[in-house]
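**Q** return atomic coordinates for the entry below.
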Amino acid sequence: MAKAKKFFNRVLLKLSGEMLKGKDGFGIDPDATIEAAKRIKEAVEAGVQTAIIIGAGNIFRGLAGSRRGMDRSCADNMGMLATAMNALAMRDALESIGVKAEIQSAFAISGVLKPFDQREAVRLLEEGTVVLFAAGTGHPYFTTDTTAALRACEIKADAVFKGTKVDGIYTADPMKDPTKAKRYETITFAEALSKRLAVMDSTAFSLCQDNNINILVFKFGEPGVLGDIMKGDFKAATLVYTKFSFLLIFLKKIIYNIYDDINEDKHNKKRNYHSIQDDIKKILYTPDRQSLYISQNIDIINYNNDNLNNQNIINEIIDLINKQKQMPDNIIDNIITGKLVETKKYISKSE
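**A** Numbering: from 1, shown residues only. The predicted structure follows:
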């Protein structure tokens, strides 16, 4: 059976705490939490390494508290503790449907919440465990959007996925003016800024832009949507990108697919790891073969943006590969040596 094509390798999913409150309008509803966990499972089943940050809007918002007279630091600390409660509820829900999950918190609580550890988080993700980051950054005055951007940089995620109530970014508010509101399928960071589109808070947005972390805005909760997006179908989402980050995702995807191809024969799985690295490089650096692999893996994307047609992307990726060949510490080497084999072993078992 042919393996499903995968556009993203590692993502950070940012969800509002309101996704967990259900019909009660407040707190944590077990049924709503299970439904959210089922949607998250779609990403895991697509072979995508998934980290999660859940806000605290269903329990307590620090900024709202400070506006009512509370000290801002105190209010934000309460909000961060509320995110830890949501993380505990989500871990329980994920485990109840067969998804391995762990929590790392900016506030460690012995026997309850382990402290944040970047190296351990990456190791867990590579093993296929969902990692929930709780308690924000551990400092007041920072939103969960900013925390999502920060943790995405730390774990080297391909993108921050922001789950909302609408299916992407629009030219106008689709709830207030549905006739004039048109959805973007792809948009650059520069365009989003120039058009003053509300994507994330300014600190989070800048952090993603400066570190080439894509942002993908989508409607969370509908069955099948998250799984489709993981394969590059943005019909129900908006991708905010820089050109480099966009090409880097393609390059990672191509390298992972080459790994799959050269390991179709079961005997190859016992080969020396360095010989597998050499084979990947031979394919990438041989003009005819690189064009073939890129072309084979480019057809999964649907665009509304005329500047992002497939041939342009193919040419850009080939140019990026050829430039990297001349660099002593290049992106391709970093991707290949980044525990690629261990990651693919898990993915192969799960597909």
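**Q** so which bits of the strand or helix carrying residue 76 are buried?
**A** Assigned by DSSP states H and E, residue 76 falls within helix 72-96. By neighbour count on 16 or more other Cβ atoms under 10 Å, the buried set for helix 72-96 is 75-91, 93-94. For every residue, glycine as well, the C-beta is placed using N, CA and C.
**Q** now swap in stretch 239-256 and tell me
**A** 239-242, 245-256.
**Q** same deal with stretch 196-203?
**A** So, applying 16+ other Cβ under 10 Å, buried residues of stretch 196-203: 197, 199-200.
**Q** again, but for stretch 216-233
**A** Quick answer for stretch 216-233 (16+ other Cβ under 10 Å): 216-218, 220-221, 225-230, 232-233.
**Q** cool, and stretch 126-142?
**A** Neighbour-count burial for stretch 126-142 [16+ other Cβ under 10 Å]: 126, 128-138, 140, 142.
**Q** any idea which of the residues you listed is closest to residue 47?
**A** residue 128 (8.5 Å; Cβ to Cβ).
**Q** which parts of the protein are helices?
**A** 30-45, 62-67, 72-96, 118-126, 144-154, 189-194, 202-210, 225-230, 243-262, 273-285, 287-296, 310-325, 331-336, 340-350 (DSSP state H).
**Q** next, the angle from the first one to helix 72-96.
**A** Helix 30-45 and helix 72-96 are oriented at 70 degrees to each other (axes from the mean of the first three to the mean of the last three Cα atoms, to 10 degrees).
**Q** same question, the fourth one
**A** For helix 118-126 and helix 72-96, the angle between their directions (the same axes, to 10 degrees) works out to 30 degrees.
**Q** state the mean pLDDT of helix 118-126.
**A** Averaging pLDDT along helix 118-126 gives 96.
**Q** same for that helix, what does it pack against?
**A** Judged by 3 or more Cβ pairs under 8 Å, 6 or more residues apart in numbering; DSSP states H and E, the packing partners of helix 118-126 are strand 49-54, strand 101-105, strand 130-134, helix 340-350.
**Q** keeping just the C-alphas, turn stretch 136-146 into CSV.
**A** What follows is stretch 136-146, C-alpha atoms only, in CSV (Å, rounded to 0.1, in the frame of the first residue of the first chain):
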residue,chain,number,x,y,z
GLY,A,136,3.2,29.4,29.2
THR,A,137,6.7,30.8,29.3
GLY,A,138,6.7,30.8,33.1
HIS,A,139,6.7,34.6,33.1
PRO,A,140,3.9,37.1,33.1
TYR,A,141,3.1,39.5,30.3
PHE,A,142,3.6,36.8,27.6
THR,A,143,0.6,35.3,25.8
THR,A,144,0.1,31.6,24.9
ASP,A,145,0.5,32.7,21.3
THR,A,146,4.0,33.9,22.1
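**Q** over that stretch, what's the mean pLDDT, rounded is fine.
**A** pLDDT averaged over stretch 136-146 gives 95.
**Q** contacting residues around that stretch?
**A** 14, 53-56, 62, 72-73, 75-77, 79-80, 83, 106-107, 116, 147, 150, 162, 200-201, 203-204, 207 (Cβ atoms under 8 Å, 6 or more residues apart in numbering).
**Q** low-confidence ranges, the stretch 101-250 of the chain, go.
**A** Within the stretch 101-250 of the chain, no stretch falls below the threshold (pLDDT under 70).
**Q** try 80 this time
**A** Residues of the stretch 101-250 of the chain that meet the criterion pLDDT under 80 lie in 232, 246, 249-250.
**Q** distance of the residue lying farthest from the centre of the chain relative to residue 136?
**A** For the chain, the C-alpha farthest from the mean C-alpha position belongs to residue 69; by Cα atoms, centre = their mean, that distance is 36.2 Å. Using Cβ to Cβ, to the nearest Å, we find residue 69 at a distance of 22 Å from residue 136.
**Q** cool, and residue 126?
**A** Counting by Cβ to Cβ, the gap from residue 126 to residue 136 is 25 Å.
**Q** how about residue 27?
**A** 20 Å.
**Q** what does residue 119 give?
**A** For residue 119, the distance to residue 136 equals 20 Å [Cβ to Cβ].
**Q** what do you get for residue 78?
**A** From residue 78 to residue 136 the distance is 11 Å (Cβ to Cβ).
**Q** surely residue 11 meets residue 48?
**A** Yes: the pair residue 11 and residue 48 qualifies as a contact (Cβ atoms under 8 Å) at a distance of 5.9 Å.
**Q** any common contacting residues for the two?
**A** residue 230.
**Q** in space, what's closest to residue 330 - neighbours in sequence excluded?
**A** Among residues not flanking residue 330 along the chain, residue 324 sits closest, at 3.9 Å (Cβ to Cβ, 6 or more residues apart in numbering).
**Q** do residue 124 as well
**A** Nearest one to residue 124, counting by Cβ to Cβ, 6+ apart, is residue 131 at 5.2 Å.
**Q** the one you found bridge partners, please.
**A** Beta bridges link residue 131 to residue 51, residue 102, judged by DSSP bridges.
**Q** list the contacts of it.
**A** Listed by Cβ under 8 Å, 6+ apart, the contact partners of residue 131 are 50-52, 101-104, 121, 124-125, 155.
**Q** can I get those in JSON lines with neighbour count and distance to residue 43?
**A** Shown next, in JSON lines, are the contacts of residue 131 (neighbours: other Cβ atoms under 10 Å; distance: Cβ to Cβ, whole Å):
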{"residue": "50", "neighbour count": "28", "distance to residue 43": "5"}
{"residue": "51", "neighbour count": "27", "distance to residue 43": "10"}
{"residue": "52", "neighbour count": "28", "distance to residue 43": "9"}
{"residue": "101", "neighbour count": "21", "distance to residue 43": "12"}
{"residue": "102", "neighbour count": "18", "distance to residue 43": "16"}
{"residue": "103", "neighbour count": "20", "distance to residue 43": "17"}
{"residue": "104", "neighbour count": "22", "distance to residue 43": "18"}
{"residue": "121", "neighbour count": "19", "distance to residue 43": "16"}
{"residue": "124", "neighbour count": "20", "distance to residue 43": "15"}
{"residue": "125", "neighbour count": "25", "distance to residue 43": "12"}
{"residue": "155", "neighbour count": "20", "distance to residue 43": "15"}
